[in-house]
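Student: Quick one, what's the 3D model for this:
(one chain, ligands or ions: 1)
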Amino acid sequence: MTLSRRKALALIGGGTILAASGAAAGFLTTRTPREALRPWGLAGGYDDPRLNALSYALLAPNPHNLQPWKVSLQGSDRLRLWRDEEKELPATDPYDRQIMIGLGCFLEQMVLAAGAAGQAVDLTLFPEGEGGPVAEAHLTGGGRMDPLAAHIMARRSCKEPFEDRALPAALVEELAGMADIYTDAADVARLKTLTWEAWVVEVMTPKTMTESVDLMRFGKAEINANPDGIDLGGPFLESLMLAGVLSRAAQGDPSSRGFQEGVRMYEEMLHATPAYAVLTSKGNSREDQIAAGRNWLRLNLKTTALGLALHPVSQALQEYPEMAGHYAAAHAMLAAEGETVQMLGRLGYGPTTPRTPRWPLEAKLIDA
Ligand SMILES: Cc1cc2nc3c(=O)[nH]c(=O)nc-3n(C[C@H](O)[C@H](O)[C@H](O)COP(=O)(O)O)c2cc1C
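Tutor: As a prediction, this is how the structure comes out:
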């Protein structure tokens, strides 16, 4: 998560530090974590069509930006996608459901990027069963450009308040084939309450809150050293770190002013939402979860194409005891009996937001 200037100020609860930070402008303009953003610039620059497609795939959305993927190249035209067992969210994603969705996003973005470069992809999920690779891909030539591929570089998860502006019916109709879209005022109001209350459970439950705080990267040096997780960077946040206001300790302390301001800002953001997009599945197998990820990625590219912003808000879908009531409420409202809600996202008009960090492709290649 890259916090905006507005959110940064809110996090520390006022404008005093902003005024002070002006003096340090020279230092602050050097705060972009360029190394962590380099994979965005390298995308599409590889000769091997597999590496080329992978260089885009790794820009896919994924839970907490853990980037839970590893890839081995096989022969001259195949590759295998593996789940990186070290990347896990035991508190908020105990069954690795969201991790699998992230891997589905990766696969779909890989297929789209390969197609745009003229390569069709023959994909086999779990070729050796669930203990082995997540997928084997065979690039066969003869691929075609899907128009959604044009939006890979501009796609974001937009973690900002959205404009108070209804979605035009024509856009809702375009999206309706890809997800369940909720725009009715009563439904939207219920979902605002649900997502907000579920978010509060997550930040007030020690083990889930700690999981997030542990994944926070504070400032350029930490982000460049670990280009994943929740990135707290940029000039304003770094000035707050220098001032000792924003710290790992404060973020883990519900009594701190910074924590409380962050909660207030999240409440405002979650309520500034005119619509929601939901993906459900009849089953909840690993294949269903991968399919949900592929569909979410396509939806996110389509919203990008339509000038809309999309932001996953997964708290109410998480499978740990403290969340059980909100999980049940989300399923009662959004899914038929026995179905699983795989993704729930805010949908609307949002600002342009920065790219998020990624590990370079080379760090993700393994021999296997
Ligand atoms: C399965 C899944 C669940 C996610 N849940 C949340 C969430 O609850 N809150 C949130 O702010 N972002 C969520 N995200 C978005 C990720 O944080 C985001 O994809 C990642 O930080 C990379 O940023 P980007 O999508 O802008 O490239 C989720 C993404 C996926 C794929």
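
Student: what's around Ala117, how many residues?
Tutor: 16 (other CB atoms under 10 Å). Heads up, the C-betas are built off the backbone N, CA and C, glycines and all.

Student: Next one: the residue in the stretch 1-150 of the chain that the ligand sits nearest to from Asp93, what distance?
Tutor: Nearest residue of the stretch 1-150 of the chain to the ligand (CB to the nearest ligand atom) works out as Pro61 at 3.0 Å. From Pro61 over to Asp93 the distance is 14 Å, taken as CB to CB, to the nearest Å.

Student: the more surrounded of these two?
Tutor: Set Pro61 next to Asp93 and count neighbours by other CB under 10 Å: Asp93 wins out with 24 against 20.

Student: So the more buried one belongs to a strand, correct?
Tutor: No - using DSSP: H, G, I helix; E, B strand; the rest coil, the assignment for Asp93 is coil, not a strand.

Student: quick one: contacts for Cys215?
Tutor: Just so we're on the same page, residue 215 is Leu rather than Cys. 64, 66, 228-230 (CB atoms under 8 Å, 6 or more residues apart in numbering).

Student: Please report phi then psi for the spatially closest residue to it that is not a sequence neighbour.
Tutor: Among residues not flanking Leu215 along the chain, Gly229 sits closest, at 3.7 Å (CB to CB, 6 or more residues apart in numbering). When read as degrees, to the nearest 10, the backbone of Gly229 gives phi 70, psi -150.

Student: which residues touch Gly229?
Tutor: Gly229 sits in contact with 64-66, 215-217, where contact means CB under 8 Å, 6+ apart.

Student: that older thread, in the contacts of Leu215, which residue is surrounded by the most others?
Tutor: His64 leads the contacts of Leu215 on contacts (other CB under 10 Å) with 22 neighbours.

Student: where does that residue land in three-state SS?
Tutor: His64 - assigned by three-state DSSP - is helix.

Student: Show the pLDDT at it.
Tutor: For His64, the model assigns a pLDDT of 97.

Student: Look up how far the ligand lies from the nearest residue to it once chain neighbours are set aside.
Tutor: Nearest residue to His64, sequence neighbours excluded (CB to CB, 6+ apart): Leu215, at 5.5 Å. Leu215 is 10 Å from the ligand, where distance means CB to the nearest ligand atom, to the nearest Å.

Student: Contact partners for the closest residue to Tyr349 other than its chain neighbours?
Tutor: For Tyr349, ignoring the flanking residues on the chain, the nearest one in space by CB to CB, 6+ apart is Glu163 at 4.2 Å. Each residue near Glu163 by CB under 8 Å, 6+ apart is listed here: 272, 274, 348-350.

Student: same question, Ile99
Tutor: 62-63, 66, 68, 83, 87-89, 93.

Student: so which strand or helix has it?
Tutor: helix 97-116 (DSSP states H and E).

Student: Rounded mean pLDDT for that helix, please.
Tutor: On average, helix 97-116 scores 98.

Student: which two in the contacts of Leu215 are spaced the farthest apart?
Tutor: Greatest spatial distance among the contacts of Leu215 (CB to CB): Leu66 and Ile230, at 10.2 Å.
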